[in-house]
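Engineer: The following comprises the amino acid sequence and a computationally predicted model.
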Amino acid sequence: MRNHRQSEPDRLRRDARIAGLRDFQTPSLEAVEQRRRQLWQRTATALAVIAAVVVAFAIIPSNRLQEAGTGRILFVIVGVGGGLFLWAFHKETALERLTRSLTDERVLTAALTNRLHEVSLLLDAGKQMNAHLQMDELLDTILRSACELLDATGGSVMLVEETDLVTVCALGRDAAVGQRMRLGEGVAGYVAIRRDPVLIDGHADPDLFPGLVLREPYVESAMSVPLVHRAELQGVLNVNAPIGRSFTEYDLRALAVFAEQAALAVANARLYEAERAHVAALLDLRKKREAG
């Protein structure tokens, strides 16, 4: 069966023709607004002329009006005014549809551009992370890439050590490196136990995050996401927004996607370190046997 529904480009062109924008294949919002101003300026001028004619008839002596067939003339004038208003309303309706469509198109284009930029940054970050197997270099790359992705001013990476989270990398607060936190304590501990990303705007609720330690300096907006690979918790990634900016749910989703790649890189680096330690232990054992 043939589809008779009109496509969006055809609908835009039809509305553009109705509105008087025949020279535009795809009109812009600026052109639509200019056409709207022209339409109502001309309509107002025409209605003003019609009103002047009606006033003129009102001040003409009644005997002359009767001779000229006043009723028929006024009927024609009112009809012309009504027709003009309906014509302008029809044009305005088409212009309104064009405005909505073009606004939606701009919003979608902006969202797509942001998404493509985000994907590009994620791919670049993934390449950088996969290029490092040394844990210190990797964690520094993860944190800096996350801050670049989200225009954050600082943050930290915390790794799981038995029942604790240990801050092993920090940006903007170097004193935090080495600090330990029990799983379940504070925002990061909450994220580690729940394995759900968290967005904080303003002061965090101590009732929701037991063992919460207030940050110095105060952070207006922050996000924490778990680093999980194959159902195994590797750690928690935290990022802080600059002063005057608040993270959004969109930012949180982007960081959660980034964290999936980061968790894989951390797991690979830990596996590499374990293998390297195993090889070192075997070489050490061999040297001892040869020496004995």
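Structural biologist: Received the coordinates, thanks.
Engineer: got the residue ranges for the strands in this structure?
Structural biologist: Taking DSSP state E as the test, the strands found in the chain are 154-161, 164-171, 180-182, 198-201, 221-229, 232-240.
Engineer: Now tabulate these in JSON lines and tack on distance to residue 259 and mean pLDDT.
Structural biologist: (Glycine included, C-beta is placed from N, CA and C.) Formatted as JSON lines, the strands of the chain follow (distance: least, Cβ to Cβ, whole Å; pLDDT from 0 to 100):
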{"stretch": "strand 154-161", "distance to residue 259": "10", "mean pLDDT": "94"}
{"stretch": "strand 164-171", "distance to residue 259": "14", "mean pLDDT": "94"}
{"stretch": "strand 180-182", "distance to residue 259": "18", "mean pLDDT": "92"}
{"stretch": "strand 198-201", "distance to residue 259": "12", "mean pLDDT": "92"}
{"stretch": "strand 221-229", "distance to residue 259": "4", "mean pLDDT": "94"}
{"stretch": "strand 232-240", "distance to residue 259": "5", "mean pLDDT": "95"}
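Engineer: so which of those strands gets nearest residue 79?
Structural biologist: strand 198-201 (60.1 Å; Cβ to Cβ).
Engineer: re the thing from before, relative to residue 92, which of the strands of the chain is closest?
Structural biologist: The nearest among these, by Cβ to Cβ, is strand 198-201 at 41.1 Å.
Engineer: Buried residues of that closest one, list them for me.
Structural biologist: Neighbour-count burial for strand 198-201, counted by 16 or more other Cβ atoms under 10 Å, picks out 198, 199, 200.
Engineer: With distance to residue 192 added, can I get the strands of the chain in CSV?
Structural biologist: Output for those, formatted as CSV (distance: least, Cβ to Cβ, whole Å):
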stretch, distance to residue 192
strand 154-161, 7
strand 164-171, 6
strand 180-182, 9
strand 198-201, 11
strand 221-229, 6
strand 232-240, 5
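Engineer: And residue 269, how far from residue 278?
Structural biologist: 15 Å (Cβ to Cβ, to the nearest Å).
Engineer: Residue 52 too?
Structural biologist: Residue 52 is 98 Å from residue 278, by Cβ to Cβ.
Engineer: ok so, going back, looking at the buried residues of strand 198-201, which one is closest to residue 257?
Structural biologist: Closest to residue 257, out of all of the buried residues of strand 198-201 and judged by Cβ to Cβ, is residue 199, at 14.6 Å.
Engineer: Just give the nearest non-adjacent residue to that closest one, would you?
Structural biologist: Nearest residue to residue 199, sequence neighbours excluded (Cβ to Cβ, 6 or more residues apart in numbering): residue 252, at 4.8 Å.
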